[in-house]
Every structure is written in C-alpha cells, then in structure tokens.
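1. Take this sequence and fold it.
(chains A and B)
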Amino acid sequence: MENLLEFLVKALVDEPDQVNITEVQQEQSTTYEVRVAPGDLGKVIGKQGRIANALRTVTKAAAMKHKRKVYVEIIA
Amino acid sequence: MTDLDPNEDVNSPNTAEEEQIALQVVLDFCAAAGGTMEAELTDKQGSHLMISLTGVDADETWGKTGQILDALQLLLNHILAHRIRGDVRIMLDAGNYRSRRIESLRAHARELAAEVKSRNMECELEPLPSHERRIIHSELADDPDVETYSEGSDRDRHVVIAPRK
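-> The predicted model follows:
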C-alpha cells in the first residue's frame, strides 16, 4: 500500500527525490504523511483538491484488502 | 500499394509511441500494486485508449465501484500528462466494470425514455460524471420522441430526458 502511494506520488511530481512518506500507526488506523518539494505541492493536491482526494480514494481501496483504515495527509 | 506510414493508425490521432507510454503507465501501476494484475489495450476511441485490468485485484478492488476506478484513472492520466505532451488519454477498465456499467446506463436510459414518452413529462437522472452522461445522450440521440440535455453544476450535473417538441 505504501509502495503504491509512493509510486503514484513520485510519478506525479517534478522532484521525486524530494518525496517523503511517513507511516504513522495509530490503534485503529494508519496515517500516511506525504511530503513533497514546495514547488510540487500543487501537483499532489490539484484543482479543488481533486488529486489529493483521488490519492485518498485509491489508498483506501488498496487498504480494504488488509481491512485497515488509512488516511493520507499532505503536509505543506 | 499505399504510401501510408505503417506506424500511423488512420483511426487514431495518437502515435504508436504515445500509446506505448500510456500502456507503460498502467503496467507500472500494476507492478506497484503488487504485480498480480495484467493490463491490456482493449479499444480505441479517438485519442482515448481503453486499457483493461484483469486479475483478482482488478475484480475485487479496482473495479468494485466507479468512484475507485475514476480516482485511479484520474491519477494515471495526470501521470501520463507528466510524462508526455499530447492528447492521448487512458480510459481505465477493471474486471469489466466499464462495459457492465455502459450496458446498464444504456438500458436505464431506454427505460426512462419510454416512461417520458408515456407520461409526456420530463425526467431527471441522478448526477453522473461527464463520460457517463455522454453515454445517456448518445443512446437517445436518434430517438425522435425525446431530447436530452444536462443541467446543474459540478457534482450535481445531471441529464434531463424531455419529450421532444
């Protein structure tokens, strides 16, 4: 799941080396904190947050298999 | 003998190289998703390439709802636009979701059109994404008794079927 999120985020940005994803485990859920180069923020958020929302939908779908609740946060 | 470039498909505005890159974007996704799925180019409509995912994850995860499939399609098209310029776009299918959905939308459109005719009253459909609204419009385009148009904005945009005046 983290592989998939990492692939998607790195493929969307201009500076894939600057992509950093941190997995934070909580009791009931997992949060993925996504950090990208400042100039790439728009590329992972998109107009009206459409790309960020699609990243959340896709990551949640991938996590369903593991019956795990996941959140994706884009950290500016 | 023709002097057409064999690499140029007259029905498609895309180059063979662009199509290869589009397919590669989807194959890269399959690998990142765990490598249990296969991707195949199944149809072309203008600059749109229908690429179908098959395998257990395609059936049980990606083709489960239109929302999931559309989200993945949006991301893969942004990735593609990031790799190449050009108009080539990916229409993604998984576990035959799209073809089943297209059939059910067409049947739904015909049923509602029949009702519109018999009651002589217009009828609003539920909000649908643009590619699904297009299926409704084109299914009823040749019907002499009804006309269709869209109204509402953004997430509320929906098709209206009305008696033709």
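2. Close to chain B: what parts of chain A are there?
-> Within chain A, the positions near chain B by Cβ under 8 Å from any Cβ of the partner chain are A:3-4, A:6-8, A:11-12, A:43, A:46, A:50-51, A:53-55, A:57-58, A:61-62, A:64-65. The C-beta positions use only the backbone N, C-alpha and C, and glycine is treated the same way.
3. In which helix or strand does B:Q20 reside?
-> helix B:16-32 (DSSP states H and E).
4. buried set for that helix?
-> Neighbour-count burial for helix B:16-32 flags B:E18, B:E19, B:I21, B:A22, B:L23, B:V25, B:V26, B:D28, B:F29, B:C30, B:A32 (criterion: 16 or more other Cβ atoms under 10 Å in any protein chain shown).
5. same for it, what does it pack against?
-> Here helix B:16-32 touches helix A:2-12, strand B:38-45, strand B:48-54, helix B:66-83, strand B:89-94, going by 3 or more Cβ pairs under 8 Å, 6 or more residues apart in numbering or on different chains; DSSP states H and E.
6. how far does it sit from the chain's center?
-> Centre-to-centre, helix B:16-32 and its host chain are 18 Å apart (Cα atoms, centre = their mean, to the nearest Å).
7. So which residues of chain A form helices?
-> Along chain A, the segments classed as helices by DSSP state H run A:2-12, A:41-45, A:50-64.
8. need the residues of chain B near chain A, please.
-> So chain B meets chain A at B:25, B:28-29, B:32-34, B:57, B:60-62, B:64, B:67-68, B:71-72, B:74-75, B:78-79, B:82 (Cβ under 8 Å from any Cβ).
9. Quick check: mean pLDDT of stretch A:1-10?
-> For stretch A:1-10, the mean pLDDT works out to 92.
10. Please point out which parts of that stretch sit buried.
-> Buried residues in stretch A:1-10, counted by 16+ other Cβ under 10 Å: A:M1, A:L4, A:L5, A:E6, A:F7, A:L8, A:V9, A:K10.
11. Could you export those as JSON lines, including distance to B:E111?
-> Output for those, formatted as JSON lines (distance: Cβ to Cβ, whole Å):
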{"residue": "A:M1", "distance to B:E111": "40"}
{"residue": "A:L4", "distance to B:E111": "39"}
{"residue": "A:L5", "distance to B:E111": "41"}
{"residue": "A:E6", "distance to B:E111": "45"}
{"residue": "A:F7", "distance to B:E111": "42"}
{"residue": "A:L8", "distance to B:E111": "39"}
{"residue": "A:V9", "distance to B:E111": "43"}
{"residue": "A:K10", "distance to B:E111": "46"}
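12. Put the buried members of the residues of chain A next to chain B into a PyMOL selection.
-> Selection of buried members from the residues of chain A next to chain B for PyMOL, criterion 16+ other Cβ under 10 Å:
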select buried, chain A and resi 4+6+7+8+11+12+43+46+51+54+55+57+58+61+62
